[in-house]
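In: What follows is a predicted protein model with its sequence.
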Amino acid sequence: MRIAQITYSTRPRGGVVHTLALAEALARRGHDVSVWTLGRGGDAAFFRPVDPTVRVRVVPFAAREDESVGERIERSIRAMGAALARSHGTAVDGVVHAQDCISANAAAVARIGVVRTIHHLDEFTTPRLVECHDLAVTRPVARLCVSRAVAQEVADAYGVRPTVIPNGVDAARFTAAAAPGGAAARAAWRGRLGPYVLALGGIEPRKGSIDLLEAFVLLRRTHPALRLVFGGGETLFDYRPYRERFEQRARELGTAPVVLGTLADDDVPPLVAGASALAMVSTKEGFGLAAMEALAAGVPVVARDLPVTREVFGAQVGYGHDVPSIASALARAVDGVPAGDTDAGRALAWRHSWDAAAAAHERFYQAVAAHGGDRGAPVDLADPAAAGRR
């Protein structure tokens, strides 16, 4: 099967990580896989090496300082759409799978039927961006979500019911970072930072960064040696006003979190494994990949109490619904009394393999091709060959 995966960036974000890992797992299953992306700011490659069995096609996308977020999104759609249109029927045929709303709209510009993974629903206020977001849900020939909770949100909002294929996680990489062989790399982070609570994904409204900041200040009353560390944060959107409010609030509270920014890919596993706890207090999540990686490393996790986090993590993470309860859950985690069991949490992460996700996607693609789409209802992912063996 020929499969083209499309993503909007080369930089490390959850959807981009998903795109690359899924593409590599599909290639291991013998498929002809390519990944298309926009090369923002002159990027010519992804943030990490990609298995050479996967072809990478980077569409040039120069930075412009004088454009709004909306203008940047519109230009992104046009640039990717033009590139896809030029290659349709040659490099782009078979299954075309968009991993975000920019990619889905770009495929529509190129008049290509596309499968879309809806990782989570965004909230826009500009009419044109609302339209782009909505069309990226309704236009695709078939839809996927990585959790039942988000699939239900899509069904409630749009009247279509996506198929659910859970995310994978590279559990081996994070388990290895927590093993004796990773001790030096963990120690390097701890030597630089001291004991720390980690948040991945940058400082932005959806990540609940200001809530975490305020919860951490409560935590510091009983754990004064701890530091709050933010890693990652590459994004298409302009969160400068929120970042300014975050910094102002930090000054008011008399605290100075460490903001590492975008990280080298090899630095992430030891940074996670060295943390006293990982905080994922997002107001919206599709799955929670960073939290699953932390569980693979044996690191306790505190998450905001959302339907999706309950679905994915069950009893293996601590929960908070507001600043005081997040602070209390973090205190229990760093004191060695986390909500979940370390072995059970690691086992949960290991069950979410990319190879299993790729096998499910393969069945999904075959069913969509056979029926011409999902017709607004979940696709039956039963493996006919497996059913015949039972």
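Out: Here it is on my side, so go on. Residues are numbered from 1 along each chain as shown.
In: Helix, strand or coil: sort out residue 374 for me.
Out: Three-state call for residue 374 (DSSP: H, G, I helix; E, B strand; the rest coil): coil.
In: what's the closest non-adjacent residue to it?
Out: Distances taken as Cβ to Cβ, 6 or more residues apart in numbering place residue 142 nearest to residue 374, at 3.8 Å, with adjacent residues excluded. From N, CA and C alone the C-beta is placed, and that goes for glycine too.
In: Over to residue 187?
Out: residue 274 (7.6 Å).
In: Could you tell me how far that neighbour is located from residue 44?
Out: Applying Cβ to Cβ, to the nearest Å, the value for residue 274 to residue 44 is 32 Å.
In: Also residue 245?
Out: 35 Å.
In: the more surrounded of these two?
Out: Each of residue 245 and residue 44 has its neighbours counted (other Cβ atoms under 10 Å); residue 245 has more, 15 against 9.
In: Might you report the residue contacts of the more buried one?
Out: Taking Cβ atoms under 8 Å, 6 or more residues apart in numbering, we find residue 245 in contact with residue 210.
In: how far does the longest strand seen in the chain sit from the chain's center?
Out: Longest strand in the chain, counting residues (DSSP state E): strand 32-40. Distance, stretch centre to chain centre, for strand 32-40: 17 Å (Cα atoms, centre = their mean, to the nearest Å).
In: ok, and what's touching whichever helix or strand comes after it?
Out: With elements assigned by DSSP states H and E, the helix or strand that comes after strand 32-40 is strand 55-61. Defining contact as Cβ under 8 Å, 6+ apart, one finds that strand 55-61 is touched by 10, 33-41, 43-46, 50, 75-76, 79-80, 83, 87, 91.
In: now do 6 Å
Out: Residues outside strand 55-61 that contact it (Cβ atoms under 6 Å, 6 or more residues apart in numbering): 34, 35, 36, 37, 38, 39, 40, 44, 50, 79, 80, 83.
In: any idea how far the third one lies from residue 69?
Out: Spelled out, it's residue 36. As for residue 36, its distance to residue 69 is 22 Å (criterion: Cβ to Cβ).
In: Bridged to the residue nearest to residue 374, which residues?
Out: Residue 142 has these beta-bridge partners by DSSP bridges: residue 115.
In: circling back: any quick PyMOL command for the buried ones out of the contacts of strand 55-61?
Out: Per 16 or more other Cβ atoms under 10 Å, the buried members of those correspond to this PyMOL selection:
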select buried, resi 34+35+36+37+38+39+40+50+79+80+83
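In: Let me know how buried the residue nearest to residue 187 is, in neighbour terms.
Out: For residue 274, the neighbour count with other Cβ under 10 Å is 26.
In: And for residue 362?
Out: Residue 362 is flanked by 20 other residues according to other Cβ under 10 Å.
In: Give me the pLDDT value at the residue lying closest to it once chain neighbours are set aside.
Out: Excluding its sequence neighbours, the residue lying closest to residue 362 (Cβ to Cβ, 6+ apart) is residue 29, at 6.3 Å. As predicted, residue 29 sits at a pLDDT of 97.
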